[in-house]
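> what's the 3D shape of this:
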Amino acid sequence: MVTKGYHYQPIPGTIEQQYREIAVHINSYSFSRHEVISQVQTEASHVRAMMHPSGTVQSIPKPVDLKPQWPNDVLLCSLDPRVTHALRRADYRYMRQRFNNFNISWADMQAIWSGDRLASLQNQCLRQESMFQWACGRSNDKPHVVAAMANLYPQKVARTIAEISRLPLGDRPRDALKYLNDAMDMLYRHMRVDLSRLDKWKLDFRQYKEMYMGASNGPNLGEHFEIQPTNERTAVHVSPTGKKVDTFEQDIESLLEFLRTGKEPGFYWKQALKDENFFSFTKQWDSQKWIEWTEKCRVFCIPNSLFIMLERLVSSIRHARERGWVIRVGHRWSRGGADTIAKCLGINLDNCFDPCMVEGDAQHFDQSVWDMWIDLYWSTMSNFVDKASPDFLIFEAICKLLLKNFIVRITNLIGDVWGLVKGGVPSGALIHRTWILG
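Sure thing, here's the model as predicted:
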């Protein structure tokens, strides 16, 4: 788009997407005091503009005073020529040892590393086995490895966040719900779970001994304070940010206050971009696939640590009962996992070499889970617990609190952009390991 004194080239896409992008950019430009538009200002505008007005993610004013954080670009570093030569020598030695019958020469390796599409058939086959070519090589003058968090601005962040939103279902699930009872009975029969058996539930904090405390604690509104030193020791600074271990004491105090007085703590979630690298040998030869591939970025949702602690208290019985025959989370492949999945798939020594196993992935599956399934899961949490348990009222209160703050989540989408997210299963929650994603 070109107007007097203004020029902007949108990223290729549909006409609707390009017009939206231009409109957001013009709006940011008109409110800017300088010719150089604020990167943060335009990205926040893009995130809000890309949200569907009736979607499952709705923008809201900033609910709490948390310092906004914008992710930085992550770029793959270039190698020193001496390191490159050393890696090539190591790859050359590896290839000669592995394919000793081919009598591979240094000239053959240079042809393999060149990425030339017209290389000999042998070199094209060997190229797939070259570790240097995988990590440092190029095809069609494009690298085989790209960083997911490279070139985040403009709009890559906005598009990634906007993909979380889904259109409402309307009345479509109504017919399916007629068969809900039969479907749940069939599910648990297949999982070999005896629903007639009820277990006693007791409030027990000892399971926190096995809880991993090295992960991020998510958005937390705890206090900043210092424990003053004694005997010339160093002062201890306590902060609500960092790892779960850093806020464990404050989380326990909030949990106990809720149990004693009923005062509900605040639960906040955060969308974080996943820092990872993507590998491909084929995307470089198709310009459209290359653009889509380099624009790919995944996001995961982090709850605050108190939510995970409460969820862990009430989920242990159900997880133990439901896992085993179908849900194999936590079962190690080398300790019987391989044998179990073979039995589940009907694989034995007679057909183990048949091409019968298929691997697949449902794109954005966890983000597209309907809120009705989340409501169903939490509403049936007490089906495994004996209501005569002495601490059942505490169990019920925690489940109601978690359901209310899970089905519609107050989420820091990016920077200072906040939203209400309805539905979906965040990867940071324990419910992610259950049949709800089956």
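
> only C-alpha atoms from now on, for both contacts and neighbour counts.
Noted.

> flag the shaky bits of the stretch 151-300 of the chain, pLDDT-wise.
Low-confidence segments of the stretch 151-300 of the chain (pLDDT under 70): 222-223, 232, 238-239.

> which residues in it form strands?
Secondary structure of the stretch 151-300 of the chain (DSSP state E, counting those that start in this stretch): strands located at 225-227, 236-238, 269-273, 277-279, 299-303.

> any idea of the mean pLDDT in the host helix or strand of Ala111?
Using DSSP states H and E, Ala111 falls within helix 106-114. Mean pLDDT, helix 106-114: 87.

> that one packs against which elements?
Applying 3 or more Cα pairs under 8 Å, 6 or more residues apart in numbering; DSSP states H and E, we find helix 106-114 packed against helix 121-127, helix 131-136, strand 138-139.

> who wins for proximity to Asp391 among those?
Proximity to Asp391 (Cα to Cα) singles out helix 131-136 among those, at 55.4 Å.

> contacting residues around that closest one?
Defining contact as Cα atoms under 8 Å, 6 or more residues apart in numbering, one finds that helix 131-136 is touched by 87-88, 91, 112-113, 127-128, 143-145, 279, 281.

> and these, which of them are buried?
88, 91, 112-113, 127, 143-145, 281 (16 or more other Cα atoms under 10 Å).

> now do the helices for the stretch 301-438 of the chain: every range, in order, please.
305-322, 337-344, 371-379, 392-407 (DSSP state H, counting those that start in this stretch).

> what does the residue nearest to Leu167 when sequence neighbours are not counted show for phi and psi?
Residue nearest to Leu167 in three dimensions, not counting chain neighbours: Gly55, with 4.6 Å by Cα to Cα, 6 or more residues apart in numbering. Backbone dihedrals for Gly55, given as degrees, to the nearest 10, come out at phi -80, psi -180.

> middle-most residue in this protein, spatially?
Computing the C-alpha centroid of the chain and ranking residues by Cα atoms, centre = their mean puts Phe300 first, at 2.8 Å.

> check contacts around the closest residue to Asp251 other than its chain neighbours.
Nearest residue to Asp251 in three dimensions, chain neighbours excluded: Leu306, at 5.5 Å (Cα to Cα, 6+ apart). Contacts of Leu306 were listed using Cα under 8 Å, 6+ apart, and they are 251-252, 255, 267.

> against Phe132, how distant is Arg107?
To be clear, residue 107 is Ala; Arg isn't right here. Distance, Ala107 to Phe132, using Cα to Cα, to the nearest Å: 15 Å.

> quick one: which of those two has more around it?
Higher neighbour count among Ala107 and Phe132: Phe132, with 18 against 9, using other Cα atoms under 10 Å.

> how does this protein divide into domains?
Domains of the chain are assigned by automatic domain parsing as 81-147, 173-275+297-347+364-437.

> now render those as JSON lines, adding distance to His46.
Output for these, formatted as JSON lines (distance: least, Cα to Cα, whole Å):
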{"stretch": "domain 81-147", "distance to His46": "22"}
{"stretch": "domain 173-275+297-347+364-437", "distance to His46": "10"}
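
> tell me how many other residues crowd Leu256.
13.

> look up how far Arg206 lies from it.
15 Å.

> go on, Ile252?
Counting by Cα to Cα, the gap from Ile252 to Arg206 is 12 Å.

> what about these two, which has more around it?
Each of Ile252 and Arg206 has its neighbours counted (other Cα under 10 Å); Ile252 has more, 15 against 9.

> OK, contacts around that one?
Leu306.

> overlap in contacts, Ile252 and Arg206.
What both Ile252 and Arg206 touch, as defined by Cα under 8 Å, 6+ apart, is an empty set.

> for the helix holding Ala111, which outside residues touch it?
92, 119, 123-124, 126-127, 130, 132-133, 137-139.

> my guess is Gln58 contacts Leu413. True?
No. Using Cα atoms under 8 Å, Gln58 makes no contact with Leu413, being 10.5 Å away.

> who has more neighbours, those two?
A direct count of neighbours by other Cα under 10 Å for Gln58 and Leu413 places Leu413 higher, at 25 against 17.

> C-alpha coordinates for stretch 431-438, PDB please?
What follows is stretch 431-438, C-alpha atoms only, in PDB (Å, rounded to 0.1, in the frame of the first residue of the first chain):
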ATOM      1  CA  ILE A 431      -5.300 -32.400  33.200                       C
ATOM      2  CA  HIS A 432      -3.100 -32.500  30.100                       C
ATOM      3  CA  ARG A 433      -2.200 -36.100  30.900                       C
ATOM      4  CA  THR A 434      -5.700 -37.500  31.000                       C
ATOM      5  CA  TRP A 435      -8.300 -38.900  28.600                       C
ATOM      6  CA  ILE A 436      -9.500 -35.400  27.800                       C
ATOM      7  CA  LEU A 437      -6.800 -35.300  25.100                       C
ATOM      8  CA  GLY A 438      -7.400 -38.900  23.900                       C
END
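
> buried residues, it. List them.
431, 433-434.

> and what of stretch 169-184?
Per 16+ other Cα under 10 Å, stretch 169-184 contains no buried residues.

> and what of stretch 90-110?
Of the residues in stretch 90-110, 91-92, 95-96, 104, 108-109 count as buried by neighbour count, 16+ other Cα under 10 Å.

> for it, the distance to its chain's centre please.
40 Å (Cα atoms, centre = their mean, to the nearest Å).

> show the end-to-end separation of it, please.
Distance across stretch 90-110, first residue to last, is 13 Å (Cα to Cα).

> what is in contact with Gln58 and Leu413 at once?
In contact with both Gln58 and Leu413: Gly419, using Cα under 8 Å, 6+ apart.

> just confirm Gln97 is within a strand.
No. Using DSSP: H, G, I helix; E, B strand; the rest coil, the secondary structure at Gln97 is helix, not a strand.

> I'd say Val193 and Arg321 touch.
Yes. Here Val193 lies in contact with Arg321, judged by Cα under 8 Å, at a distance of 6.7 Å.
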